[in-house]
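Novice: predicted model, plus sequence, below.
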Amino acid sequence: MINPGILDAPLGPICFGDAITISFAIAPSGGNGDYNYQWQVSQSGGTFEDIQDATLSTYTVTNYNTSIENMTYYYRVVVTSNYCMY
């Protein structure tokens, strides 16, 4: 069984054009120690979808959300290890 870890949430306002990196505050543990990552995004609470080529332990995104668009984006990461998935 693996512990998927805990993500570190960015602090403060994220302004237009700001780049933020989402990373682990507490790293995954357990399994075989060899982890695979797949970052996903959801727009305004909809279905989470895989982000193409986002397979590292961190994910960097630039905020290009305009006040007209007014969307909220949610990010999560699926961590797998040796056929265990959480």
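Specialist: Nice, thanks for sending it over.

Novice: CA atoms for contacts and neighbours, from now on please.
Specialist: OK.

Novice: next, give phi and psi for the residue nearest to the spatial centre of the chain.
Specialist: Geometric centre of the chain, nearest residue: residue 76, 3.7 Å, by CA atoms, centre = their mean. The phi/psi pair for residue 76 (degrees, to the nearest 10) reads phi -150, psi 170.

Novice: if I read this right, it contacts residue 43, doesn't it?
Specialist: No - the pair residue 76 / residue 43 is not scored as a contact, 11.9 Å apart, by CA atoms under 8 Å.

Novice: hmm, back to that, who's the residue nearest to the centre of the chain bridged to?
Specialist: Assessed by DSSP bridges, residue 76 has beta-bridge partners residue 40.

Novice: what sits against it?
Specialist: Taking CA atoms under 8 Å, 6 or more residues apart in numbering as the definition of contact, the neighbours of residue 76 are 39-41.

Novice: quickly note the distance from residue 81 to residue 40.
Specialist: The gap separating residue 81 from residue 40 is 17 Å, by CA to CA, to the nearest Å.

Novice: ok, now residue 47?
Specialist: With CA to CA as the criterion, residue 47 and residue 40 are 10 Å apart.

Novice: which one of the two is surrounded by more residues?
Specialist: residue 40 (19 against 10; other CA atoms under 10 Å).

Novice: quick one: low-confidence parts of the protein?
Specialist: For the chain, the stretches flagged by pLDDT under 70 are 66-69, 83-86.

Novice: okay, the contacts of residue 76 in CSV with distance to residue 57 next?
Specialist: Formatted as CSV, the contacts of residue 76 follow (distance: CA to CA, whole Å):
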residue, distance to residue 57
39, 9
40, 12
41, 15
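
Novice: of those residues, closest to residue 59?
Specialist: Lowest distance from residue 59 to the contacts of residue 76 (CA to CA) belongs to residue 39, with 7.3 Å.
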